[in-house]
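>>> 3D model of this:
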Amino acid sequence: MVVLDVGANIGQWGNLIRQSGFKGRIISFEPVPAAFKHLELVTNQDLEWMALNVGIGEQYRQRASFNVASNGGQSSSFFTMGQAHQQIDPTVTLDETIEIDVIPLDSPAVRKLVRTMDIYLKADVQGSERKVLEGLGDLWPQVQWIELEMWLKEAYLEAPTFWSISEMLRDNNFSLFAIDPGGVSKSSGQQISVDCIW
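Prediction:
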């Protein structure tokens, strides 16, 4: 099985699965240059872990506008941050907009790395979950597991939430396997996001 780590930041999640015993191939995608530099330092020490400095979406795009967040890029997004996200952590802001290249997961470059292996797809993409899934194309049959951070409220303006993405996954014969609490409103205690494995 190959792991596709979309929205890798500096490799925190990849390190976690390595520490958990996964020894197979990891392909990480991170569009923010500052975070990617740190990610490269990590992946250069691991022959089965590679990193690509691109965004992932439903189609190819060059010089797409991307908002970089103040928390080391972890909340960076194609979308504008909404009030629901501010309820989780009011200190996080979108500090600058950069231009990045975007590719779909069904691109020849990714398919060459994946070959015919089964796929565990993890995407932490701040509102772009549907776009990542739409870019799977002919890779859908190889995907066995999908791990997503999903938003119960509109944390990013006009971005799809848990409800519509769940419907899309069910239409592709995925069922919810596990759910873990994510972000909670600091003022009300209301759940804003969840981490799900399908």
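>>> can you pull out the strands in this structure?
Applying DSSP state E to the chain gives strands spanning 2-6, 26-29, 49-52, 55-56, 61-69, 94-103, 119-123, 143-151, 178-181, 193-197.
>>> could these go into a markdown table alongside mean pLDDT, distance to Gln12 and mean neighbour count?
For glycine as for every other residue, the C-beta is placed from the backbone atoms N, C-alpha and C. Shown next, in a markdown table, are the strands of the chain (pLDDT from 0 to 100; distance: least, CB to CB, whole Å; neighbours: other CB atoms under 10 Å):
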| stretch | mean pLDDT | distance to Gln12 | mean neighbour count |
| --- | --- | --- | --- |
| strand 2-6 | 98 | 10 | 23 |
| strand 26-29 | 98 | 11 | 25 |
| strand 49-52 | 98 | 13 | 20 |
| strand 55-56 | 98 | 18 | 24 |
| strand 61-69 | 96 | 15 | 16 |
| strand 94-103 | 96 | 20 | 16 |
| strand 119-123 | 98 | 11 | 22 |
| strand 143-151 | 97 | 13 | 20 |
| strand 178-181 | 95 | 15 | 10 |
| strand 193-197 | 96 | 13 | 18 |
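>>> mind giving me a markdown table with those strands and columns for distance to Val42?
Formatted as a markdown table, the strands of the chain follow (distance: least, CB to CB, whole Å):
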| stretch | distance to Val42 |
| --- | --- |
| strand 2-6 | 11 |
| strand 26-29 | 9 |
| strand 49-52 | 7 |
| strand 55-56 | 19 |
| strand 61-69 | 20 |
| strand 94-103 | 20 |
| strand 119-123 | 16 |
| strand 143-151 | 19 |
| strand 178-181 | 24 |
| strand 193-197 | 21 |
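>>> Which positions in the lowest-mean-pLDDT helix or strand in the chain come out as buried?
Across the helices and strands of the chain, mean pLDDT, DSSP states H and E gives its lowest value to helix 83-88, namely a mean of 87. Within helix 83-88, the residues that qualify as buried are 84-88, counting by 16 or more other CB atoms under 10 Å.
>>> Let me know the closest of the residues you listed to Leu121.
His85 (23.3 Å; CB to CB).
>>> Surely that closest one and Ser77 touch.
No: here His85 does not reach Ser77: they are 9.1 Å apart, not a contact under CB atoms under 8 Å.
>>> Find residues that contact each of those two.
Tyr156 (CB atoms under 8 Å, 6 or more residues apart in numbering).
>>> about what we covered before: make a markdown table out of the buried residues of helix 83-88 and add distance to Ala178.
Below are the buried residues of helix 83-88 laid out as a markdown table (distance: CB to CB, whole Å):
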| residue | distance to Ala178 |
| --- | --- |
| Ala84 | 23 |
| His85 | 23 |
| Gln86 | 28 |
| Gln87 | 25 |
| Ile88 | 21 |
